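Asks: Curious how this folds, go ahead:
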Amino acid sequence: LDNIEKKETAIEIREELKNFYSVLKDADPYLKFVFITGVTKFSKVSLFSGLNNLKDITIHPEYATICGYTQEEFEKVFADRLEGLDLEEVRHWYNGYSWLGEPVYNPFDILLFLDFREFRPYWFETGTPTFLIKLLYERRFFIPELERLEAGENLISSFDVDYIEPEPLLFQTGYLSIKEIKKRGPRVIYRLSYPNLEVKMSLSDHLLSWYTRVSGEKERNLDRIYLALEANDLEKMKEAFRRFFASIPHDWYRKTELHHYEGFYASIFYCYFTALGVEVRVEEAVSHGRLDMAVMFDGRCYLFEFKVVELEPEGRALEQLRVRGYHEKYVDRCQKIYLVGVEFSKKARNIVGFEWEVVGD
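Replies: Predicted coordinates for the structure are as follows:
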């Protein structure tokens, strides 16, 4: 894993590891119990070639809770330390890791949280997933898709250095967890999502840092957007996002064509709101189509539609929100609903249209 970006070196190390594990098969008569664990599960073909006596318990309901604290264990074992804590908030921050059984807490987070008694991304702070973020960027991954990613059994079951897919890497390293299992004929489909608030906020924050390359500007912009939400000031929100896109170095645009794609701009908005810990819903199905993004804050709902235009604003984003009646689904959830149409220019590489209107009180 330390050499994952050096493909030839990584393959050489893998071949050496294959020799190391190959002795297990011949030693089978003398072995009573062998337990192999690690962060990343490599494919049997590449690493355990010929070793056919392994029982894979990575995704097995009977062993789903061996690597974390269940809710019952957390409340029972740490009962003397829980006075005055909002247990629902603790669960929201640190629980949610699931392998087809009861979800569990990250033990590293819990031990540090009970010591400091502050909500912080303790596990995430132990290392920055630079390679993973670069991979998402290079594959033009639509970041909001991490909310409800669907993957087949083969995609999440193994990993290899010859061709690295984001999905198994996200799952095996703990940035996504299993939320639901579906059967489609003989096939098994897993719905993956963030395990908890810590991972969702922290990964979004690091993605923003990668896009901006100016950490100070990103932090200032996070403050601007949060204050704009608090004040319900959409003009200030518009200016904050314009500042962000203006802060992206010109050289970054020269090396990539991402700015031509609607998904890139939507991903930036999504990352800012999720990095703030705000409730965000993406591509929710409504009777007339799919809404790009809904942001809930203090009883208000902001419904976003994104469009990419050549240079001049065209007003199509807000018009689509009006015509398709996306707000109807949110009438009972929100005291006020704002339709926000955002248009980006391929040439200007920034927001050229940011219109809004209120549809309910």
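Asks: per the record, what domains does the chain have?
Replies: 130-193, 213-358 (the TED database).
Asks: Let me know the average pLDDT across the last one.
Replies: Within the predicted structure, the mean pLDDT of domain 213-358 is 84.
Asks: centre of the chain versus that domain, how much separation?
Replies: On the basis of C-alpha atoms, centre = their mean, to the nearest Å, domain 213-358 sits 18 Å off its chain's mean C-alpha point.
Asks: Next: the first one.
Replies: Centroid separation between domain 130-193 and its chain, computed with C-alpha atoms, centre = their mean, is 10 Å.
Asks: What's the end-to-end length of it?
Replies: Start-to-end span of domain 130-193 (C-alpha to C-alpha, to the nearest Å) is 20 Å.
Asks: Strands along the stretch 101-250 of the chain, start to end?
Replies: For the stretch 101-250 of the chain, the strands defined by DSSP state E, counting those that start in this stretch occupy 149-152, 177-184, 187-193.
Asks: State the pLDDT value of the nearest residue to residue 63 once chain neighbours are set aside.
Replies: Leaving aside its chain neighbours, residue 63 sits nearest to residue 57 (4.5 Å; criterion: C-beta to C-beta, 6 or more residues apart in numbering). Quick note: C-beta positions are derived from backbone N, CA and C, even for glycine. At residue 57, the model reports a pLDDT of 86.
Asks: what does residue 40 give?
Replies: Note for residue 40: predicted pLDDT of 69.
Asks: Kindly report the same for the one 4 residues further on.
Replies: Reported pLDDT at residue 44 in the predicted model: 59.
Asks: got the contact list for the residue most central in space within the chain?
Replies: With distances taken as C-alpha atoms, centre = their mean, residue 146 lies nearest the centre of the chain, 4.5 Å away. Listed by C-beta atoms under 8 Å, 6 or more residues apart in numbering, the contact set of residue 146 reads 170, 175, 176, 192, 193, 194, 203.
Asks: Go ahead and confirm residue 90 touches residue 117.
Replies: No. If you go by C-beta atoms under 8 Å, residue 90 and residue 117 don't touch, sitting 10.3 Å apart.
Asks: These two: who's more crowded?
Replies: Each of residue 90 and residue 117 has its neighbours counted (other C-beta atoms under 10 Å); residue 90 has more, 21 against 10.
Asks: host element of that one?
Replies: Per DSSP states H and E: residue 90 is located in helix 87-94.
Asks: What does residue 333 show for phi and psi?
Replies: Here the main-chain torsion angles of residue 333 (degrees, to the nearest 10) amount to phi -100, psi -20.
Asks: Please report how far it lies from residue 144.
Replies: According to C-beta to C-beta, to the nearest Å, residue 333 stands 19 Å off from residue 144.
Asks: Which residue of the two possesses the greater neighbour count?
Replies: Between residue 333 and residue 144, counted using other C-beta under 10 Å, the more crowded position is residue 144 (20 against 11).
Asks: how about low-confidence regions in the stretch 1-150 of the chain?
Replies: Scanning the stretch 1-150 of the chain for pLDDT under 70 picks out 39-40, 42-52.
Asks: Residue 2: neighbour count?
Replies: By other C-beta under 10 Å, the residues close to residue 2 number 8.
Asks: Also residue 293?
Replies: Burial of residue 293 is recorded as 21 neighbouring residues (other C-beta under 10 Å).
Asks: Show me what the one helix or strand it maps to is packed up against.
Replies: Secondary structure assignment for residue 293, by DSSP H and E: strand 289-297. Applying 3 or more C-beta pairs under 8 Å, 6 or more residues apart in numbering; DSSP states H and E, one finds that strand 289-297 contacts helix 262-275, strand 279-286, strand 300-309.
Asks: Point out the most buried one among those.
Replies: The highest average neighbour count among the helices and strands packed on strand 289-297, using mean count of other C-beta atoms under 10 Å, belongs to helix 262-275 at a mean of 23.
Asks: still on that earlier bit, would you list the helices and strands packed on strand 289-297 in JSON lines and tack on distance to residue 100?
Replies: JSON lines is the format used below for the helices and strands packed on strand 289-297 (distance: least, C-beta to C-beta, whole Å):
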{"stretch": "helix 262-275", "distance to residue 100": "26"}
{"stretch": "strand 279-286", "distance to residue 100": "25"}
{"stretch": "strand 300-309", "distance to residue 100": "34"}
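Asks: The lengthiest helix in the chain packs against which elements?
Replies: In the chain, with assignment by DSSP state H, the single longest helix is helix 7-26. Helix 7-26 is packed against helix 44-47, with contacts defined by 3+ C-beta pairs under 8 Å, 6+ apart.
Asks: Could you identify the helix or strand that succeeds the helix it packs on?
Replies: Sequence order places helix 71-77 as the next helix or strand after helix 44-47, per DSSP H and E.
Asks: buried ones in that next one?
Replies: By neighbour count on 16 or more other C-beta atoms under 10 Å, the buried set for helix 71-77 is 73, 74.
Asks: And for stretch 23-40?
Replies: In stretch 23-40, counting by 16+ other C-beta under 10 Å, buried: residue 24.
Asks: cool, and stretch 110-125?
Replies: Using 16+ other C-beta under 10 Å as the test for burial, stretch 110-125 gives 110, 112, 113, 119, 121, 122, 123, 124.
Asks: Now do the same contact list for residue 174.
Replies: The contact partners of residue 174, by C-beta under 8 Å, 6+ apart, come to 97, 106, 123, 195, 199.
Asks: quick one: which of those is nearest to residue 265?
Replies: Checking the contacts of residue 174 against residue 265 with C-beta to C-beta, the nearest one is residue 199 at 23.4 Å.
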